[in-house]
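Asks: Task: produce atomic coordinates for the following.
(one chain, ligands or ions: 1)
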Amino acid sequence: MNALLTETVRCLDLVLVKGRAFDSEQLAHRLDNSDAPLNQVRFLCYQTLRWYSQLKYLCDLLITKPLKAKDKEIELLLITSLCRLLYSDTPAYAVVSDAVEGVKKSKKPWAAPLINGCLRNFIRQQDKLMRQMEQSPEAKFAHPKWWIEKLRQQWPEQWQAILEANNSRAPMFIRVNRNSIQTDEYQTRLALANTASEKVAGLSACLRLSKPCAATELPGFDLGLCSVQDAGAQFAAELLAPVPGESILDACAAPGGKAAHLLELCANQLELICLDADQQRHQSLTEQLRRLQLTATTLHASALKPEEWWSQRPFDRILLDAPCSGSGVIRRHADIKHLRRPTDLANFAQQQKKLLDSVWPLLKRGGQLLYCTCSIFHEEGESLMNEFLKDSTNAEIIPIETQHWGIKQKLGRYILPTKEGMDGFYYARLKKN
Ligand SMILES: C[S@@+](CC[C@H](N)C(=O)[O-])C[C@H]1O[C@@H](n2cnc3c(N)ncnc32)[C@H](O)[C@@H]1O
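Replies: Okay, here's the model as predicted:
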């Protein structure tokens, strides 16, 4: 099989069969050590994961006799080839020949006629099969059934737009490091490098690029002039509104996008403590701060165990960007749709509540805490905040009033993912009485 197909099928197997995240260490290691063209493998994996529910449905229509579990790679090869037929510019004859010739050279040459027959059948009957596929919401919207049902129930007016946005390619946003350069000036540097960009209302350091590129291709990236960060994520630091000299806790900080933004807003003049419980992610946090020439105390520690690291001095402000299902960032992490289970939401909510309960006592009286997640499910957003407030005697909501973005709720504010727009987030701001 050609290197592109072999590697894509192996990576898909790691995600879809073995349950690894697409950005996991194991997958990165696979890709780094492969002879296949890395960007093409990544792109094809991404497209296939994005449309998987639909491609699997079509595959099941085409295969008349189900394949054995040990032949999963044959099914994945067929699914990947259907993805190329539907969502790439590769000519149909080349897609069929790559798959058939590839499988002939593999350990399962018996599957060549099957792959050939299925792909040719698909090409012949594409219109009919696609109409048939439209009957299944799971296939039509390319999301698991429970996901569609949950969105429908929680966002009755927006669910279809959310699903469509989730299947689109996310635009690229950057945050200009205004300690080093002004936004206008950086925009000029981008233009000189042939990249058009536009400002985003309500965010002074944010630019939306007309076309995505590798971070390292951005002017002055290595010198810390900018960072790649979705616009939706850039509201965190603005909402926490740090004042130079304050002591701030970023309780779940890695890889450090929001922590760096807090420091950039205060010319690096904060007593910022950044925690992360994951060793490797903690490492990426320190590297990010170093690149941006920003200073904070970074600790590989758990926000659930303040007794191990807290000096007993209350913080002026706390950012709790809690681990979550990631339901707002599906455009950038298509694997999430297939890795999450409906029961995961209760586990995430429990963890989020524990984190809130654990860091709340560390906030000084009159101080503010910003809670956020990159999820649009209420279990991890508005419902969780409601529960926290029910149990708390000294917490008060500070409403987030703005015309620029998001959907106001009783307590916090959601950003829903939109095509060409921002990722999905939930924000709620609390004050300690
Ligand atoms: C949503 S991410 C944070 C993103 C980060 N704020 C940023 O803007 O780049 C959540 C982080 O919480 C970390 N985490 C999970 N449990 C934790 C705990 N008990 N204490 C501290 N960090 C934790 C995870 O390792 C993960 O890096």
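Asks: list the contacts for the closest residue to residue 404 other than its chain neighbours?
Replies: What sits nearest to residue 404 in space, not counting adjacent residues and going by C-beta to C-beta, 6 or more residues apart in numbering, is residue 202, at 3.4 Å. Backbone N, C-alpha and C define where each C-beta goes, glycine included. Contacts for residue 202 were tallied using C-beta atoms under 8 Å, 6 or more residues apart in numbering; they are 235, 238, 402, 404-405.
Asks: Please determine how far residue 202 is located from residue 239.
Replies: Applying C-beta to C-beta, to the nearest Å, the value for residue 202 to residue 239 is 11 Å.
Asks: Can you pull the residues of the protein lying near the ligand?
Replies: 251-258, 275-278, 281, 302-304, 321, 323 (C-beta under 6 Å from any ligand atom).
Asks: Show me which of the residues you listed are buried.
Replies: Among those, those classed as buried by 16 or more other C-beta atoms under 10 Å are 251-258, 275-277, 302-303, 321, 323.
Asks: In these, find the pair that's most separated.
Replies: 257 and 302 (20.2 Å; C-beta to C-beta).
Asks: Give me the subset of the buried ones among the residues of the chain next to the ligand lying in helices.
Replies: 257-258 (DSSP state H).
Asks: related to what we said a few turns ago, per-residue pLDDT, the residue nearest to residue 404?
Replies: For residue 202, the pLDDT comes out at 90.
Asks: cool, residue 127 as well?
Replies: The predicted local confidence for residue 127 is 97.
Asks: ok, and what's touching the helix or strand containing it?
Replies: Following DSSP states H and E, one finds residue 127 within helix 112-133. Here helix 112-133 makes contact (C-beta under 8 Å, 6+ apart) with 54, 57-59, 61-63, 74, 77-78, 81-82, 85, 92, 95-96, 99-100, 103-104, 139-140.
Asks: Would you mind measuring from residue 78 to residue 218?
Replies: Distance, residue 78 to residue 218, using C-beta to C-beta: 38 Å.
Asks: Actually, residue 255.
Replies: Applying C-beta to C-beta to residue 255 and residue 218 gives a distance of 17 Å.
Asks: model confidence over stretch 97-105, on average?
Replies: pLDDT averaged over stretch 97-105 gives 93.
Asks: Only the buried residues of it, if you could.
Replies: 98-100, 102-104.
Asks: want to try TSV for these, with secondary structure as columns?
Replies: Shown next, in TSV, are the buried residues of stretch 97-105 (DSSP: H, G, I helix; E, B strand; the rest coil):
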residue	secondary structure
98	helix
99	helix
100	helix
102	helix
103	helix
104	helix
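Asks: For the ligand, see how far away residue 428 is.
Replies: According to C-beta to the nearest ligand atom, to the nearest Å, residue 428 and the ligand sit 15 Å apart.
Asks: Pretty sure that residue sits against residue 371.
Replies: Yes - Residue 428 is within contact range of residue 371, at 4.9 Å (criterion: C-beta atoms under 8 Å).
Asks: Report the set of residues contacting both of these two.
Replies: 385, 412.
Asks: Surely residue 137 touches residue 146?
Replies: No - applying C-beta under 8 Å as the test, residue 137 and residue 146 come out as separate, 11.4 Å apart.
Asks: where in the protein is pLDDT low?
Replies: Counting by pLDDT under 70, the chain shows low-confidence ranges at 1, 26-27, 30-35.
Asks: Pick out the residue in it sitting closest to the ligand.
Replies: Of all residues in the chain, residue 252 sits closest to the ligand, with a separation of 3.1 Å (C-beta to the nearest ligand atom).
Asks: what about stretch 181-201, how long is it end to end?
Replies: End-to-end distance for stretch 181-201: 19 Å, by C-alpha to C-alpha, to the nearest Å.
Asks: quick one: the helices in the stretch 51-200 of the chain?
Replies: 52-62, 72-87, 92-104, 112-133, 137-140, 145-154, 159-166, 183-192 (DSSP state H, counting those that start in this stretch).
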